[in-house]
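[1] prediction below, plus the sequence it came from.
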Amino acid sequence: MIPISRASLLGASSAVALVGMPLMTRLVDAATFADPADVAALNAQIELERAGIKAYADAAATGLLDASLLAVAGRFASDHVAHREALGAAVVAAGGRPSEQTVALVYPTLATKSDVLEFALTVERKAASTYLSIVSDLKDRKLAELVASILGVETTHVALLASALGKTVYASAFVG
């Protein structure tokens, strides 16, 4: 488990309340009349968010991250929790049941701080690419818009992790 202080937890809760609640409300409103295929896509994203939460908890448990990296990992994990909760609320609003499954991730050997950061980068890239792949498939454009807003957070995670690893965040105006 990622060690989170009471103050950090309250801060994260406040951030979710200020930023996450509007997203959650819009997701729930949009999902009320969602197509079953859209609900299935949201549930698949819940499974991926659960994997991200687990990956950050497992990475923190290695003891390889210093306090500043643990704080960032905790923030990223909090983002994944907020996404999972918002997606789950949307699934419930659509008359479904949020998935309790977790996407299975392939864990590399985590022996160094760089190993942990590379693993986190892989997880975030998978999340970003998966969100990108479903945006155009969602029939409800409001849900697509909201899923795209989550995509933006995932790509921010990718950029920050790549930068922490000293990698070029982007080489041109287009990703390819």
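    That came through fine. Just so it is clear, the model here is predicted, and its values are computed rather than measured.
[2] can you list the weak-confidence ranges in the protein?
    Applying pLDDT under 70 to the chain flags the ranges 1-33, 171-176.
[3] and stretch 130-140, end to end?
    17 Å (C-alpha to C-alpha, to the nearest Å).
[4] residues in contact with that stretch: which ones?
    Residues outside stretch 130-140 that contact it (C-beta atoms under 8 Å, 6 or more residues apart in numbering): 30-31, 33-35, 37-38, 41, 44-45, 48, 144, 147-148, 150-151, 154. Quick note: C-beta positions are derived from backbone N, CA and C, even for glycine.
[5] how distant is it from the center of its chain?
    Put simply, stretch 130-140 sits 15 Å off its chain's centre (C-alpha atoms, centre = their mean, to the nearest Å).
[6] also stretch 99-116?
    14 Å.
[7] ditto for stretch 41-50
    Distance, stretch centre to chain centre, for stretch 41-50: 9 Å (C-alpha atoms, centre = their mean).
[8] just the buried residues of it, please?
    Ala41, Leu42, Asn43, Ala44, Gln45, Ile46, Glu47, Leu48, Glu49, Arg50 (16 or more other C-beta atoms under 10 Å).
[9] circling back to that earlier point, just the ones in helices from the contacts of stretch 130-140, please.
    If you go by DSSP state H, these have 30-31, 37-38, 41, 44-45, 48, 144, 147-148, 150-151, 154 in helices.
[10] as CSV, those with distance to Thr62 would be great.
    Formatted as CSV, these follow (distance: C-beta to C-beta, whole Å):
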residue, distance to Thr62
Ala30, 38
Ala31, 37
Ala37, 38
Asp38, 37
Ala41, 32
Ala44, 28
Gln45, 26
Leu48, 22
Ala144, 37
Val147, 31
Ala148, 33
Ile150, 27
Leu151, 28
Glu154, 22
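[11] give me the buried entries from these.
    Burial by neighbour count, judged by 16+ other C-beta under 10 Å, picks out Ala30, Ala31, Asp38, Ala41, Ala44, Gln45, Leu48, Ala144, Val147, Ile150, Leu151, Glu154 from the ones in helices among the contacts of stretch 130-140.
[12] so which pair among the ones in helices among the contacts of stretch 130-140 is furthest apart in space?
    Across the ones in helices among the contacts of stretch 130-140, no pair lies farther apart than Ala37 and Glu154, at 21.6 Å, counting by C-beta to C-beta.
[13] in CSV, list the buried ones among the ones in helices among the contacts of stretch 130-140 along with distance to Lys126.
    Output for those, formatted as CSV (distance: C-beta to C-beta, whole Å):
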residue, distance to Lys126
Ala30, 25
Ala31, 24
Asp38, 21
Ala41, 16
Ala44, 12
Gln45, 12
Leu48, 7
Ala144, 20
Val147, 15
Ile150, 14
Leu151, 12
Glu154, 9
